[in-house]
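Participant: only geometry, no sequence info:
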């Protein structure tokens, strides 16, 4: 049996890689969908509220989008819907924004039965009672009858209690309030534990669509409604818009481009193909010897007339090396230095050393004289190290 060619193996490998990436992406997508918050308008799960948003748009309501990366209610909003916020609910600075908006005449509908709502209920001196309400579901609000509403399919799982006593019960389960309303400043707050009637699954059951329309009617005909998605993890323009990076990571088309780019890159790497024609190396020339560099530097120094600098170098080096053993200061004047050195070396030819040090400081010397003085200094250094 003939062995598959290299190109065939590469194609099979790339196909296997693409299948693996697709499966992993599908698993990640399903996991991400499973973690969507309840009553989020971007969730199509049974507990989500995407159907409610789309339906209210079809009914002519103006659904407001977040316009800022900070928590705020869009201008000219008539009705704010806070539906099942994530724990820990509303922060103090966010309550200040909501309260000010309501007191200026806004209408706030706050619905939920989870821990985020339980944490937030204390702001209105209310509590969530998780004993399932028993008894007949009744309503006592004129606006719940237009359109007509029968409360048989709301499926409450919690009720309200607390020290507040200035509310009007709009919907009750037996003797326990499920939906209440009370004024705040110039505005109105509607607080309740009803979540199923507004969910994607609940809107298909009984008269729940009528309840949803009654709640939306608080905004007025064609009014502006704002869904609080801030407490579902959406952070305004930083999340909703997000630019090209967010589009690539969060949309199917963007992910497809990323996967295609990854597969193409892997294909290029595995195929070993050049990105262009190879550039030939330059022909190896004769390598210069290290001595040529020294000669070149010496010729440059000669042409620049650095003879005096060379002699000063020998002058300083000679004094440092001869006096190193005796800790003599090389910056002493030459005559003092020679006298001090003679104290330690009685056999020192002080006249010859003083004469050499003096000649090494001569301002104008020829090239031959420089070479002679350098040789004499080197001899002194050689003998001084013995």
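Facilitator: Noted; the coordinates are in hand. Just so it is clear, the structure is predicted and the values come from calculations on it, not from any experiment. Residues are numbered from 1 along each chain as shown.
Participant: which residues touch residue 217?
Facilitator: Contacts here follow Cβ atoms under 8 Å, 6 or more residues apart in numbering; on that basis residue 217 touches 143, 146. Where C-beta positions appear, they are placed from N, C-alpha and C, glycine not excepted.
Participant: next up, phi/psi of it, please.
Facilitator: The phi/psi pair for residue 217 (degrees, to the nearest 10) reads phi -70, psi -10.
Participant: strands paired with the helix or strand where residue 190 lies, and their directions?
Facilitator: According to DSSP states H and E, residue 190 maps onto strand 187-192. Counting by DSSP bridges, the strands paired with strand 187-192 are strand 107-111 (parallel), strand 176-184 (antiparallel).
Participant: outside of it, which residues touch it?
Facilitator: With Cβ under 8 Å, 6+ apart, strand 187-192 has contacts from 101-111, 121, 124, 126, 160, 167, 170-171, 178-183, 215, 218.
Participant: which of the residues you listed are buried? Put it as a PyMOL command.
Facilitator: Command for PyMOL, covering only those of the contacts of strand 187-192 found buried under the criterion 16 or more other Cβ atoms under 10 Å:
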select buried, resi 101+102+106+107+108+109+110+111+121+124+126+160+167+170+171+178+179+180+181+182+215+218
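Participant: mind giving me the domain ranges of the chain?
Facilitator: Domain assignment for the chain, taken from automatic domain parsing, gives 1-35+242-272, 36-240, 293-384.
Participant: lowest-confidence stretch among these?
Facilitator: Lowest mean pLDDT within these: domain 1-35+242-272, at a mean of 70.
Participant: what distance do you get for residue 79 to residue 295?
Facilitator: To residue 295, residue 79 is 92 Å away according to Cβ to Cβ, to the nearest Å.
Participant: I meant residue 156, not that one.
Facilitator: 100 Å.
Participant: ok, these two, which is more surrounded?
Facilitator: residue 156 (24 against 11; other Cβ atoms under 10 Å).
Participant: assumed residue 160 was part of a strand.
Facilitator: Yes: assigned with DSSP: H, G, I helix; E, B strand; the rest coil, residue 160 falls within a strand.
Participant: residue contacts, it?
Facilitator: Residue 160 makes contact with 121, 126-129, 176-178, 180, 191-193, according to Cβ under 8 Å, 6+ apart.
Participant: how about TSV for the strands paired with strand 187-192, with distance to residue 66 added?
Facilitator: Below are those laid out as TSV (distance: least, Cβ to Cβ, whole Å):
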stretch	distance to residue 66
strand 107-111	16
strand 176-184	23
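Participant: wait, which of those is closest to residue 331?
Facilitator: For residue 331, the closest of those is strand 107-111, at 87.1 Å, according to Cβ to Cβ.
Participant: next structured bit after the closest one?
Facilitator: Per DSSP H and E, the first helix or strand lying C-terminal to strand 107-111 is helix 115-121.
Participant: which residues touch that following helix?
Facilitator: Residues from elsewhere that reach helix 115-121 (Cβ under 8 Å, 6+ apart): 84-90, 110-112, 127-128, 160, 162, 191, 193, 231.
Participant: for ChimeraX, write a command that selects the buried ones of the residues you listed.
Facilitator: With 16+ other Cβ under 10 Å as the criterion, this ChimeraX line picks the buried residues out of the contacts of helix 115-121:
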select :84,85,86,89,90,110,111,112,127,128,160,162,191,193,231
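Participant: which strands or helices does the one helix or strand residue 342 maps to pack on?
Facilitator: Element membership for residue 342 (DSSP H and E) is helix 334-344. Judged by 3 or more Cβ pairs under 8 Å, 6 or more residues apart in numbering; DSSP states H and E, the packing partners of helix 334-344 are helix 307-323, helix 350-359.
Participant: other SSEs contacting the shortest one?
Facilitator: Just to be clear, that refers to helix 350-359. helix 307-323, helix 334-344, helix 367-384.
Participant: residue 168 against residue 180, yeah?
Facilitator: Yes: counting by Cβ atoms under 8 Å, residue 168 touches residue 180, with 6.5 Å between them.
Participant: how near is residue 94 to residue 65?
Facilitator: With distances taken as Cβ to Cβ, residue 94 is found 18 Å from residue 65.
Participant: and those two? Which one has more around it.
Facilitator: Remark: of residue 94 and residue 65, residue 94 carries more neighbours, 19 against 13, as counted by other Cβ under 10 Å.
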